[in-house]
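**Student:** quick one, fold the following:
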Amino acid sequence: MQKFLTLKKYHGLGNDYLVLDPNKNEIRMQERHIVRMCRRNIGVGADGILYGPLMEHGKIYVKIFNPDGSEAERSGNGVRIFAKYLLDEGYIKRKSFVLTTKAGDVTIEFLSEDGSRMRVNMGQARFAGAPLPRIKKRDGSLVTDEIVNEPLIFHDSLYNATCVSMGNPNCVIMMEEVNDKKAKALGPYVENAPYFPQRINMQLCHVIDKGHIQVEIYERGAGYTLASGTGACAAAAAAYRMGLTGADVRVEMPGGDLRVEIADDMTVYLTGEVEKIASIEVAENFFA
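**Tutor:** Residues are numbered from 1 along each chain as shown. Just a heads-up that it's a prediction; the model follows:
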(Lines give C-alpha, C1' and ligand atoms only; values in the text may rest on other atoms or scores of the structure.)
Protein backbone atom coordinates (compact mmCIF):
# COMPACT_ATOMS: atom_id res chain seq x y z
CA MET A 1 0.00 0.00 0.00
CA GLN A 2 1.23 3.50 -0.85
CA LYS A 3 2.57 5.39 2.16
CA PHE A 4 2.27 9.16 2.60
CA LEU A 5 3.98 11.93 4.50
CA THR A 6 1.76 14.59 6.03
CA LEU A 7 2.72 18.25 5.72
CA LYS A 8 1.05 21.49 6.77
CA LYS A 9 1.37 24.63 4.69
CA TYR A 10 1.15 28.17 6.09
CA HIS A 11 2.07 31.63 4.92
CA GLY A 12 2.96 34.97 6.47
CA LEU A 13 2.29 37.80 4.00
CA GLY A 14 2.84 35.48 1.05
CA ASN A 15 6.07 34.03 2.48
CA ASP A 16 5.04 30.36 2.53
CA TYR A 17 6.49 27.45 4.49
CA LEU A 18 5.87 23.75 4.76
CA VAL A 19 5.87 22.25 8.25
CA LEU A 20 7.25 18.71 8.46
CA ASP A 21 6.72 17.22 11.89
CA PRO A 22 9.20 14.40 12.68
CA ASN A 23 6.91 13.23 15.48
CA LYS A 24 4.23 12.39 12.90
CA ASN A 25 6.42 11.29 9.97
CA GLU A 26 9.23 8.77 9.66
CA ILE A 27 11.75 10.61 7.50
CA ARG A 28 15.29 11.79 7.99
CA MET A 29 15.59 15.21 6.33
CA GLN A 30 18.09 15.41 3.48
CA GLU A 31 19.02 18.31 1.23
CA ARG A 32 17.50 16.65 -1.84
CA HIS A 33 14.17 16.20 0.00
CA ILE A 34 14.03 19.89 0.82
CA VAL A 35 14.89 20.99 -2.70
CA ARG A 36 12.28 18.70 -4.27
CA MET A 37 9.50 19.65 -1.86
CA CYS A 38 10.09 23.39 -2.30
CA ARG A 39 10.01 23.31 -6.11
CA ARG A 40 6.78 24.83 -7.37
CA ASN A 41 6.38 22.81 -10.55
CA ILE A 42 7.19 19.23 -9.57
CA GLY A 43 7.09 19.56 -5.77
CA VAL A 44 4.68 21.05 -3.25
CA GLY A 45 6.17 24.53 -3.54
CA ALA A 46 7.38 26.75 -0.67
CA ASP A 47 9.88 29.38 0.42
CA GLY A 48 11.24 26.92 2.95
CA ILE A 49 10.74 23.97 5.29
CA LEU A 50 10.12 24.11 9.05
CA TYR A 51 11.26 20.85 10.63
CA GLY A 52 10.04 20.20 14.15
CA PRO A 53 9.18 20.30 16.93
CA LEU A 54 12.39 18.79 18.26
CA MET A 55 12.42 18.49 22.04
CA GLU A 56 15.66 18.67 24.03
CA HIS A 57 16.36 19.65 27.66
CA GLY A 58 12.87 21.05 28.04
CA LYS A 59 13.20 23.33 24.99
CA ILE A 60 11.23 23.35 21.77
CA TYR A 61 13.47 23.54 18.69
CA VAL A 62 12.71 24.13 15.04
CA LYS A 63 15.09 23.73 12.12
CA ILE A 64 14.53 26.19 9.26
CA PHE A 65 15.61 25.18 5.76
CA ASN A 66 15.88 27.34 2.63
CA PRO A 67 14.66 26.03 -0.75
CA ASP A 68 18.25 25.26 -1.78
CA GLY A 69 18.60 22.89 1.19
CA SER A 70 20.76 25.17 3.35
CA GLU A 71 19.78 25.77 6.96
CA ALA A 72 18.78 29.29 7.99
CA GLU A 73 19.69 30.68 11.39
CA ARG A 74 16.31 32.35 11.86
CA SER A 75 13.18 33.47 10.03
CA GLY A 76 10.68 35.99 11.40
CA ASN A 77 7.85 34.61 9.32
CA GLY A 78 9.07 31.06 9.89
CA VAL A 79 8.99 31.26 13.68
CA ARG A 80 5.55 32.86 13.63
CA ILE A 81 4.24 30.17 11.29
CA PHE A 82 5.76 27.42 13.42
CA ALA A 83 4.26 28.95 16.57
CA LYS A 84 0.83 28.85 14.93
CA TYR A 85 1.42 25.20 13.98
CA LEU A 86 2.36 24.32 17.57
CA LEU A 87 -0.85 25.94 18.82
CA ASP A 88 -2.98 24.28 16.12
CA GLU A 89 -1.58 20.83 16.93
CA GLY A 90 -1.86 21.19 20.71
CA TYR A 91 1.87 21.27 21.48
CA ILE A 92 1.42 24.70 23.05
CA LYS A 93 -1.47 25.86 25.19
CA ARG A 94 0.06 28.98 26.73
CA LYS A 95 -0.32 32.57 25.56
CA SER A 96 3.46 33.03 25.55
CA PHE A 97 6.35 30.61 25.08
CA VAL A 98 9.99 30.34 23.99
CA LEU A 99 11.03 28.75 20.69
CA THR A 100 14.66 27.86 19.96
CA THR A 101 16.22 28.30 16.52
CA LYS A 102 19.76 27.84 15.26
CA ALA A 103 20.43 31.48 16.18
CA GLY A 104 19.01 31.11 19.71
CA ASP A 105 15.75 31.70 21.55
CA VAL A 106 12.81 33.87 20.52
CA THR A 107 9.84 34.67 22.76
CA ILE A 108 6.44 34.52 21.10
CA GLU A 109 3.22 36.04 22.44
CA PHE A 110 -0.13 35.20 20.84
CA LEU A 111 -2.31 38.28 20.43
CA SER A 112 -5.41 36.50 19.12
CA GLU A 113 -7.35 33.50 20.38
CA ASP A 114 -6.59 31.40 17.29
CA GLY A 115 -2.90 32.36 17.29
CA SER A 116 -3.02 33.95 13.85
CA ARG A 117 -1.63 37.26 15.15
CA MET A 118 1.43 37.36 17.37
CA ARG A 119 4.30 39.49 18.67
CA VAL A 120 7.82 38.08 18.67
CA ASN A 121 10.89 39.22 20.57
CA MET A 122 13.44 38.77 17.78
CA GLY A 123 16.46 39.63 19.93
CA GLN A 124 18.90 42.47 19.47
CA ALA A 125 19.80 43.98 16.13
CA ARG A 126 23.59 44.02 15.91
CA PHE A 127 25.77 45.95 13.50
CA ALA A 128 29.05 44.14 14.21
CA GLY A 129 30.24 40.66 15.15
CA ALA A 130 29.13 37.20 14.04
CA PRO A 131 27.44 36.29 11.78
CA LEU A 132 28.35 39.55 10.03
CA PRO A 133 31.56 39.56 7.98
CA ARG A 134 34.64 41.75 8.39
CA ILE A 135 34.92 43.52 5.06
CA LYS A 136 37.42 45.73 3.27
CA LYS A 137 36.67 49.27 2.16
CA ARG A 138 37.62 50.59 -1.26
CA ASP A 139 40.93 51.89 0.16
CA GLY A 140 41.80 48.35 1.31
CA SER A 141 41.36 49.03 5.03
CA LEU A 142 39.45 46.47 7.06
CA VAL A 143 36.14 47.39 8.68
CA THR A 144 36.37 45.74 12.08
CA ASP A 145 33.41 47.37 13.78
CA GLU A 146 30.02 48.53 12.53
CA ILE A 147 29.16 48.51 8.84
CA VAL A 148 26.68 51.40 8.77
CA ASN A 149 26.09 53.41 5.59
CA GLU A 150 29.40 52.19 4.16
CA PRO A 151 30.05 52.50 0.39
CA LEU A 152 30.28 49.00 -1.12
CA ILE A 153 30.48 47.90 -4.74
CA PHE A 154 27.94 45.43 -6.13
CA HIS A 155 27.84 44.57 -9.83
CA ASP A 156 30.29 47.40 -10.64
CA SER A 157 28.11 50.05 -8.97
CA LEU A 158 28.52 51.81 -5.64
CA TYR A 159 25.83 51.51 -2.95
CA ASN A 160 25.75 52.71 0.64
CA ALA A 161 25.08 49.59 2.68
CA THR A 162 24.34 48.78 6.31
CA CYS A 163 24.93 45.25 7.60
CA VAL A 164 22.63 44.05 10.37
CA SER A 165 22.49 40.77 12.25
CA MET A 166 19.09 39.54 13.39
CA GLY A 167 20.66 36.20 14.21
CA ASN A 168 21.21 35.95 10.46
CA PRO A 169 23.23 38.33 8.24
CA ASN A 170 21.45 41.12 6.33
CA CYS A 171 22.61 43.87 3.99
CA VAL A 172 20.28 46.89 3.86
CA ILE A 173 20.61 49.36 0.98
CA MET A 174 18.71 52.66 1.16
CA MET A 175 17.15 53.86 -2.10
CA GLU A 176 14.88 56.64 -3.31
CA GLU A 177 12.68 54.04 -4.99
CA VAL A 178 12.40 50.27 -4.57
CA ASN A 179 10.61 47.63 -6.60
CA ASP A 180 10.73 43.94 -7.42
CA LYS A 181 12.68 44.51 -10.63
CA LYS A 182 15.53 46.21 -8.75
CA ALA A 183 15.57 43.54 -6.04
CA LYS A 184 15.68 40.67 -8.53
CA ALA A 185 18.41 42.34 -10.58
CA LEU A 186 20.70 43.33 -7.69
CA GLY A 187 19.91 40.53 -5.21
CA PRO A 188 22.14 37.78 -6.66
CA TYR A 189 25.15 40.12 -6.73
CA VAL A 190 24.68 41.21 -3.11
CA GLU A 191 23.94 37.69 -1.83
CA ASN A 192 27.10 36.28 -3.43
CA ALA A 193 29.41 39.32 -3.18
CA PRO A 194 33.04 38.62 -2.17
CA TYR A 195 32.44 40.74 0.95
CA PHE A 196 30.16 38.01 2.28
CA PRO A 197 31.80 34.56 2.10
CA GLN A 198 28.80 32.97 3.86
CA ARG A 199 26.35 34.86 1.59
CA ILE A 200 23.84 37.38 2.90
CA ASN A 201 20.19 38.48 2.75
CA MET A 202 19.49 41.77 0.96
CA GLN A 203 16.87 44.40 1.71
CA LEU A 204 16.26 47.42 -0.52
CA CYS A 205 14.69 50.08 1.69
CA HIS A 206 12.87 53.32 0.92
CA VAL A 207 11.96 55.57 3.87
CA ILE A 208 8.53 57.08 3.31
CA ASP A 209 8.35 58.89 6.65
CA LYS A 210 9.47 58.47 10.28
CA GLY A 211 6.98 55.67 10.87
CA HIS A 212 6.78 53.96 7.49
CA ILE A 213 9.33 52.21 5.25
CA GLN A 214 8.96 50.24 2.02
CA VAL A 215 11.14 47.15 1.57
CA GLU A 216 11.93 44.70 -1.23
CA ILE A 217 13.77 41.52 -0.27
CA TYR A 218 16.13 38.99 -1.84
CA GLU A 219 16.94 36.13 0.53
CA ARG A 220 20.02 33.97 0.78
CA GLY A 221 19.20 30.51 -0.50
CA ALA A 222 15.65 31.48 -1.49
CA GLY A 223 15.80 34.41 -3.90
CA TYR A 224 13.17 37.11 -4.29
CA THR A 225 10.39 36.84 -1.71
CA LEU A 226 7.17 38.74 -1.05
CA ALA A 227 7.94 39.27 2.64
CA SER A 228 10.45 38.43 5.36
CA GLY A 229 10.17 38.91 9.10
CA THR A 230 13.90 39.10 9.78
CA GLY A 231 14.29 41.25 6.64
CA ALA A 232 11.66 43.67 7.93
CA CYS A 233 13.42 43.82 11.31
CA ALA A 234 16.84 44.37 9.72
CA ALA A 235 15.60 47.16 7.44
CA ALA A 236 13.75 48.90 10.29
CA ALA A 237 16.76 48.60 12.59
CA ALA A 238 19.08 50.04 9.91
CA ALA A 239 16.74 52.98 9.22
CA TYR A 240 16.43 53.67 12.96
CA ARG A 241 20.19 53.38 13.53
CA MET A 242 20.76 55.93 10.75
CA GLY A 243 18.24 58.34 12.29
CA LEU A 244 15.82 58.06 9.38
CA THR A 245 12.86 56.70 11.37
CA GLY A 246 11.48 56.42 14.86
CA ALA A 247 11.43 53.27 16.98
CA ASP A 248 7.96 52.14 15.88
CA VAL A 249 7.77 51.45 12.15
CA ARG A 250 5.31 50.01 9.66
CA VAL A 251 7.27 47.91 7.19
CA GLU A 252 5.50 47.67 3.84
CA MET A 253 6.39 44.70 1.62
CA PRO A 254 4.71 43.30 -1.50
CA GLY A 255 3.03 40.58 0.60
CA GLY A 256 1.74 43.00 3.24
CA ASP A 257 2.77 44.97 6.30
CA LEU A 258 4.53 44.11 9.56
CA ARG A 259 4.99 46.26 12.65
CA VAL A 260 8.51 46.55 14.03
CA GLU A 261 9.25 48.12 17.42
CA ILE A 262 12.81 48.83 18.57
CA ALA A 263 13.74 49.18 22.25
CA ASP A 264 16.53 51.39 23.61
CA ASP A 265 18.92 48.42 23.71
CA MET A 266 18.08 47.61 20.05
CA THR A 267 15.91 44.63 20.98
CA VAL A 268 13.46 44.22 18.10
CA TYR A 269 9.80 43.21 18.40
CA LEU A 270 7.91 41.95 15.35
CA THR A 271 4.10 41.88 15.10
CA GLY A 272 2.13 40.31 12.27
CA GLU A 273 -0.27 37.62 11.12
CA VAL A 274 0.03 34.14 9.63
CA GLU A 275 -2.55 31.90 7.98
CA LYS A 276 -2.89 28.17 7.45
CA ILE A 277 -3.23 27.18 3.79
CA ALA A 278 -3.63 23.41 3.72
CA SER A 279 -2.90 19.95 5.05
CA ILE A 280 -1.02 17.98 2.40
CA GLU A 281 -0.19 14.33 1.80
CA VAL A 282 2.97 13.58 -0.19
CA ALA A 283 3.64 10.10 -1.56
CA GLU A 284 6.60 8.56 0.24
CA ASN A 285 8.09 7.35 -3.06
CA PHE A 286 8.37 11.02 -4.12
CA PHE A 287 11.61 11.00 -2.09
CA ALA A 288 12.97 7.74 -3.47
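**Student:** measure Lys182 to Gln214 for me?
**Tutor:** Look at Lys182 and Gln214: by C-beta to C-beta, to the nearest Å, they are 12 Å apart. The C-beta positions use only the backbone N, C-alpha and C, and glycine is treated the same way.
**Student:** higher neighbour count, the two?
**Tutor:** Taking neighbours as other C-beta atoms under 10 Å, Lys182 and Gln214 compare with Gln214 leading, 20 against 15.
**Student:** mind checking pLDDT for that one?
**Tutor:** Reported pLDDT at Gln214 in the predicted model: 98.
**Student:** correct me, but it touches Ile208?
**Tutor:** Yes: between Gln214 and Ile208 there is a contact under C-beta atoms under 8 Å: 6.0 Å.
**Student:** quick check: neighbours shared by these two?
**Tutor:** Residues touching both Gln214 and Ile208 by C-beta atoms under 8 Å, 6 or more residues apart in numbering: Glu252.
**Student:** name the nearest residue to Leu86, ignoring sequence neighbours.
**Tutor:** Ile92 (4.3 Å; C-beta to C-beta, 6 or more residues apart in numbering).
**Student:** that neighbour and Tyr85 touch, don't they?
**Tutor:** No: with contacts counted by C-beta under 8 Å, Ile92 stays clear of Tyr85, the gap being 9.3 Å.
**Student:** any buried residues in stretch 117-129, and which?
**Tutor:** Buried residues in stretch 117-129, counting neighbours by 16 or more other C-beta atoms under 10 Å, are found at 117-123, 125-127.
**Student:** return the closest of those residues with respect to Ser165.
**Tutor:** Of all those, Ser165 sits closest to Arg126, with 4.4 Å by C-beta to C-beta.
**Student:** low-confidence bits of the stretch 151-288 of the chain, can you list those?
**Tutor:** Residues of the stretch 151-288 of the chain meeting the criterion pLDDT under 70: 288.
**Student:** show me what counts as buried in stretch 183-198.
**Tutor:** Buried residues in stretch 183-198, counted by 16+ other C-beta under 10 Å: 183, 186-187, 189-191, 193, 195-196.
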